[in-house]
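Chemist: Curious how this folds, go ahead:
(one chain, ligands or ions: 2)
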Amino acid sequence: MKPHYINHQWVESAASCPNINPSDINDRIDDYGWANRDAVDQAVAAANNAFPAWGKVSIQTRADALDQIGSELIQRRAELADLLAREEGKVLAEASAEVLRAGQIFKFFAGEALRMGGQLIASVRPGCEVEVLREPMGVIGLISPWNFPIAIPAWKIAPALAYGNCVVFKPSELAPGCAWALTEIISRAGLPAGVFNLVMGAGADVGQALIESDQINAISFTGSVATGKRIAQAAMQRLTKVQLEMGGKNPLVVLDDAHLETAVNCAVNGAYFSAGQRCTASSRLIVTKNIYKAFVEALINRLRELSIGDARASGSDIGPVVDQQQLDKDLRYIALGQKEGARLVFGGDRLKRETDGYYLNPALFIDADNTMRIAREEIFGPVACIIPADNYEHALEIANDSDFGLSAGICTTTLKTAMHFKRNAQAGMVMVNLPTAGVDYHVPFGGTKASSYGPREQGAQAIEFFTRTKTAYTAD
Ligand SMILES: NC(=O)C1=CN([C@@H]2O[C@H](COP(=O)(O)OP(=O)(O)OC[C@H]3O[C@@H](n4cnc5c(N)ncnc54)[C@H](OP(=O)(O)O)[C@@H]3O)[C@@H](O)[C@H]2O)C=CC1
Ligand SMILES: O=C(O)CCC(=O)C(=O)O
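Modeler: Numbering: from 1, shown residues only. Ligands and ions are numbered 1, 2, ... in the order given. Reported below is the predicted structural model:
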């Protein structure tokens with residue numbers, strides 16, 4: 001059994017949970033510790049004890065540790081990508097890109113640790129000066145989902161440590177393998193005992209204990225809106241700082257003047273790669289009249305060419321969905337879309353492969369309406385719908401008519417329209433002639449409306465969540 005990591009010790013728990021390969025449910029990767037609330041309390045206490053010293057340690061020490069972690073991730077990219085593909089179902093090329101991204105994130109925040117600064121501001125009072133200083137928050141609870149099992153932990157852990165915080169990390173129960181491997185690397189990076197702790201187990205138990213702890217100063221969460229709201233409520237009770245990254249129902253607008261091949265590439269990548277299990281996935285394809293027929297035909301032709309299979313097999317473009325629950329949810333929405341009157345023109349059926357896995361043929365609906373539930377609710381699977389639009393203005397109106405606002409894309413060859421879309425799309429991230437999913441690691445990530453809450457993640461702006469300011473006044 002793979003143990004928890006608390007106060008620089010590997011700690012076994014009485015219970016454990018199997019980690020199953022979604023490409024082959026007879027392949028049990030390993031058993032991972034399944035903690036109770038006591039383990040969470042121990043981890044939080046260890047982090048609190050470690051904080052006074054870690055918060056004041058030399059920035060060079062923090063930068064060196066993060067750089068070392070980043071280097072090892074990159075050096076072990078192939079091995080870790082194989083584990084990622086095996087436990088989560090992402091195909092090897094995507095898994096490898098994700099591990100690289102995790103390594104690059106640690107290296108980026110190694111640099112940011114050295115650049116941490118404040119401001120010196122003239123006072124309105126003569127003979128007085130004002131400094132705005134940055135201080136770490138203290139102990140941070142990090143709760144991550146399964147769909148980016150190494151990159152999301154990386155973009156929460158790296159800035160937390162860079163800015164002098166201690167961490168208690170709870171990964172998703174569906175993908176503890178990458179979290180454990182990352183922890184093993186962190187455990188050898190020279191951090192003092194208690195600075196970083198891993199506690200695995202159920203969200204309802206371990207996650208709930210973290211959000212109910214009075215000793216946690218901030219919580220960073222990525223996952224569903226329902227859990228995000230629950231975390232926000234618990235955080236408000238204790239006045240704990242909170243950062244939530246939640247769902248999306250991201251539009252890709254395809255205009256009459258779009259380059260057809262670019263538009264089809266953006267749609268296939270954005271809607272179906274990673275089996276659609278990305279919060280940035282383009283689940284709504286909003287297409288104007290004159291390109292509609294050609295786009296539908298070209299997209300169906302591309303879908304026919306895709307190979308759906310074992311995530312670790314060479315040649316697979318798309319792997320399985322993550323588990324039975326997600327598969328059932330996808331199938332329910334596919335049935336619902338048909339009932340609602342959208343036309344299913346491709347896929348949507350379970351696929352049989354040599355191994356017993358959660359394989360689903362990518363589903364494409366056409367002639368959908370933005371009021372349908374398949375166009376409004378996050379499905380989180382390889383399911384997309386095409387919504388017809390009269391013209392650009394109509395397409396923009398449909399794109400913005402959503403409870404979510406994470407990422408929005410447009411395919412057009414007109415600069416003026418692209419500029420207008422960038423300014424008027426109600427989303428935290430806007431893509432022109434690019435898929436809505438797949439972002440850079442060194443710039444802010446996050447959205448508007450129900451997609452995000454609190455300060456942005458990633459990039460230099462991550463400092464806003466992981467530090468607080470102190471204003472110091474000094475007279476001559
Ligand atoms: N926006 C995004 O990036 C993501 C969105 N989702 C959406 O969420 C749906 C379900 O995925 P799922 O992973 O179950 O998402 P959840 O929101 O349930 O889980 C995300 C994380 O929160 C934990 N958690 C669950 N309940 C609690 C709680 N009461 N207190 C504290 N932490 C908790 C989970 O633990 P555990 O895994 O042990 O339950 C996991 O670590 C998907 O179908 C998709 O729609 C999912 C992943 C990412
Ligand atoms: O699209 C990406 O690169 C990131 C997506 C993501 O963070 C998510 O799905 O949780």
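Chemist: For the rest of this, base every contact and every neighbour count on C-alpha atoms.
Modeler: Will do.
Chemist: And this protein, what are its domain boundaries?
Modeler: Here the domain parsing of the chain from automatic domain parsing is 4-246+451-475, 251-432.
Chemist: Turn the ones you listed into CSV, including mean neighbour count.
Modeler: As requested, the domains of the chain are arranged in CSV below (neighbours: other C-alpha atoms under 10 Å):
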stretch, mean neighbour count
domain 4-246+451-475, 21
domain 251-432, 21
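Chemist: Same list (the ones you listed) but as CSV, adding mean pLDDT.
Modeler: Compiled in CSV, the domains of the chain are given as follows (pLDDT from 0 to 100):
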stretch, mean pLDDT
domain 4-246+451-475, 98
domain 251-432, 98
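Chemist: Next, format the ones you listed as CSV and append distance to Tyr441.
Modeler: As requested, these are exported to CSV (distance: least, C-alpha to C-alpha, whole Å):
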stretch, distance to Tyr441
domain 4-246+451-475, 6
domain 251-432, 13
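Chemist: Gly341 and Thr371 touch, don't they?
Modeler: No - if you go by C-alpha atoms under 8 Å, Gly341 and Thr371 don't touch, sitting 11.3 Å apart.
Chemist: Out of the domains of the chain, which is closest to ligand 1?
Modeler: domain 4-246+451-475 (3.3 Å; C-alpha to the nearest ligand atom).
Chemist: ok, and Ile121, which helix or strand is that part of?
Modeler: Taking DSSP states H and E as the definition, Ile121 sits inside strand 119-122.
Chemist: Distance from the chain centre to that strand, please.
Modeler: Offset of strand 119-122 from its chain centre (C-alpha atoms, centre = their mean, to the nearest Å): 36 Å.
Chemist: Check which helices and strands whichever helix or strand comes after that strand is in contact with.
Modeler: Moving toward the C-terminus from strand 119-122, the next helix or strand (DSSP H and E) is strand 128-136. If you count contacts as 3 or more C-alpha pairs under 8 Å, 6 or more residues apart in numbering; DSSP states H and E, strand 128-136 packs onto strand 119-122, strand 467-475.
Chemist: Those strands into JSON lines, with extra columns for distance to Val139?
Modeler: JSON lines is the format used below for the helices and strands packed on strand 128-136 (distance: least, C-alpha to C-alpha, whole Å):
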{"stretch": "strand 119-122", "distance to Val139": "25"}
{"stretch": "strand 467-475", "distance to Val139": "11"}
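Chemist: Which one of these lies nearest to Phe365?
Modeler: Distance to Phe365, taken as C-alpha to C-alpha, is lowest for strand 467-475 among the helices and strands packed on strand 128-136, at 45.0 Å.
Chemist: helix or strand right after the strand or helix carrying Asn197?
Modeler: If you go by DSSP H and E, Asn197 is part of strand 196-198. Once strand 196-198 ends, the next helix or strand along the chain (criterion: DSSP H and E) is helix 208-211.
Chemist: List of residues touching that next one?
Modeler: If you take C-alpha atoms under 8 Å, 6 or more residues apart in numbering as the criterion, helix 208-211 is touched by 37, 40, 141, 216, 219, 231, 234-235.
Chemist: which parts of this structure sit against ligand 1?
Modeler: Contacts of the chain with ligand 1, taken as C-alpha under 6 Å from any ligand atom, map to 143-147, 171-174, 201-204, 207-208, 222-224, 227, 245-247, 279, 378-380.
Chemist: Among the residues you listed, name the ones in helices.
Modeler: Counting by DSSP state H, the residues of the chain next to ligand 1 place 208, 227 in helices.
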